[in-house]
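# Pasting the sequence and the predicted model now:
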Amino acid sequence: MKTIGVLTSGGDAPGMNAAVRAVVRTCCANNIKVFAIKRGYAGLISGQLEQADVNSVSDILYKGGTALGSARCKEFQSEDGMQKAIETCRKNGIEGLVVIGGDGSFRGASALSERGLPCVGVPATIDNDIACSDYTIGYDTCLNTVMDMVDKISDTAKSHDRCTVVEVMGRDAGFLTLNAGIAVGATAIVVPEIKVHVKEHIISHIENSREKGKKHFIIMIAEGVGGVEALAEYIEEKTGIESRASILGHVQRGGSPTVRDRVLASEMGYSAVKLLMQGMGNRVVAIKKDEIVNYDIYEALNMKKTIDQAFYNMAHEISI
Ligand code: F6P
């Protein structure tokens, strides 16, 4: 393999830059020409790319967002779009592609692999919803951001003896909500994976806590459950506790990556290039039990990641 392309796609995640840097530096160390593709698959279609070298990825390791830009590209979902992307690769001599993103991006990578362009996916999403990997790039940073923000919300909730219902990102997944909820000592946590009667669940946990002397409450709700404004109103009406809703929003996706995300991104970016060097395509890099491994993309996309009921129960048993 003489020339590789790298792109970031889908929702950005802290640590994407560290992964791009690792891809570019690994290519340079192995005398492989490398192209940085701008704005994900959109840039691949329109030919927005430039050759990268060791210096072009200096000073991005610690930065949030993605210096390459990212996009959710509709055009790429059509055969015409994919053929344009393949044509860009052909014109520039790109023989393999590293796709840094989430499952939507991997579906694109697998479609390109099928059409003769070997691709390797690197899981980067704050949602941690890539089933083949214990962790995704950006998840740890986001968890810490959510924890910091909710700690601050707790300060003011405590001062006013209030209840705050917090909505955490994660699309259809509740990993961020549950783990951040444990880290902040939430009174109740609601995630899409664990079916509960939302209103009853929350009120019973608040009443339980109140009986034990608690006066302020944090309720963590996953984006996939939603409805925080209505829930805050309901809680106030049912319990008489003054309540507020807080949707954390896109601040969760920003910020300088943590050590864990920088190291993970570096390992995964490096490993993706090594796979392409061995002639392997249609693979996803992953981390399992602290070891970097890889899976067939189809296999990876068909895996399911669930929330452990015992872990969820533990969160509620230790919160009063
Ligand atoms: O996948 C990451 C994520 O931040 C989800 O948690 C959220 O549902 C979605 O992206 C938001 O996407 P957008 O930034 O396109 O609105």
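Happy to help now that I have it. Numbering: from 1, shown residues only.

# contacts and neighbour counts: CA atoms only from here.
Fine.

# So which residues of the stretch 201-320 of the chain form helices?
Assigned by DSSP state H, counting those that start in this stretch, the stretch 201-320 of the chain shows helices spanning 228-239, 259-277, 297-301, 309-318.

# what's the neighbour count on the closest residue to Ile126 other than its chain neighbours?
The shortest distance from Ile126 to any non-neighbouring residue, by C-alpha to C-alpha, 6 or more residues apart in numbering, is to Tyr139 (4.2 Å). Using other C-alpha atoms under 10 Å, Tyr139 has 28 neighbouring residues.

# May I have the phi/psi pair for Tyr139?
Here is the backbone geometry of Tyr139 (degrees, to the nearest 10): phi -70, psi -50.

# tell me the contacts of it?
Ala13, Thr125, Ile126, Asp127, Asn128, Leu176, Asp261 (C-alpha atoms under 8 Å, 6 or more residues apart in numbering).

# got it, and Gly255?
Pro14, Lys63, Gly64, Gly65, Thr141 are the contacts of Gly255 under C-alpha under 8 Å, 6+ apart.

# Same check on Gln252?
Cys142, Thr145, Val146, Met169 are the contacts of Gln252 under C-alpha under 8 Å, 6+ apart.

# Surely the first one is in contact with Ser256?
No: using C-alpha atoms under 8 Å, Cys142 makes no contact with Ser256, being 9.8 Å away.

# before we move on, the earlier item: of all the contacts of Gln252, which comes closest to the ligand?
Met169 (4.2 Å; C-alpha to the nearest ligand atom).

# what about the closest one, neighbour count?
Per other C-alpha under 10 Å, the neighbour tally for Met169 reads 25.

# show me the contacts for it.
Shown in contact with Met169 (C-alpha under 8 Å, 6+ apart): Asp127, Leu176, Thr177, Ala222, Glu223, Gly224, Leu248, Gly249, Gln252.

# near the ligand too, which of the residues you listed?
Contacts with the ligand within these, as defined by C-alpha under 6 Å from any ligand atom: Asp127.

# Name the residues contacting each of Cys142 and Ser256.
Common neighbours of Cys142 and Ser256 (C-alpha under 8 Å, 6+ apart) are Pro14.

# In terms of neighbours, single out the busier of the two.
Cys142 (28 against 21).

# Quickly note the distance from the closest residue to the ligand within the stretch 201-320 of the chain to Thr145.
Closest residue of the stretch 201-320 of the chain to the ligand, C-alpha to the nearest ligand atom: Arg253 (6.3 Å). Between Arg253 and Thr145 the computed distance is 9 Å (C-alpha to C-alpha, to the nearest Å).

# ok, those two, which is more surrounded?
Comparing Arg253 with Thr145 by other C-alpha under 10 Å, the one with more neighbours is Arg253, at 24 against 19.

# Tell me the confidence at the closest residue to that one other than its chain neighbours?
Of all residues not flanking Arg253 in the chain, Ala13 sits nearest, at 5.8 Å (C-alpha to C-alpha, 6+ apart). Looking at Ala13, its pLDDT reads 98.

# tell me the SS of Ala13?
coil (DSSP: H, G, I helix; E, B strand; the rest coil).

# what phi and what psi does the backbone show at it?
Here Ala13 shows phi and psi, under degrees, to the nearest 10, equal to phi -150, psi 140.

# same question, the one 10 residues further on
Its backbone dihedrals place Val23 at phi -60, psi -50, with angles given as degrees, to the nearest 10.

# how many neighbours does it have?
28.

# same deal with the one 4 residues further on?
In terms of burial, Cys27 registers 25 neighbours under the definition other C-alpha under 10 Å.

# what's the answer for Phe106, then?
Neighbours of Phe106 using other C-alpha under 10 Å come to 27.

# Tell me the spacing between the nearest residue to it once chain neighbours are set aside and Glu87.
Counting by C-alpha to C-alpha, 6+ apart, Phe106 lies nearest to Gly121, which is 6.0 Å off, once chain neighbours are set aside. To Glu87, Gly121 is 20 Å away according to C-alpha to C-alpha.

# Then Arg244?
For Arg244, the distance to Glu87 - C-alpha to C-alpha - is 53 Å.

# out of those two, which sits in the busier spot?
Arg244 (20 against 17).

# so what pLDDT did the closest residue to that one other than its chain neighbours get?
Sequence neighbours aside, Thr164 is the residue nearest to Arg244 in space, at 4.8 Å (criterion: C-alpha to C-alpha, 6+ apart). For Thr164, the model assigns a pLDDT of 98.
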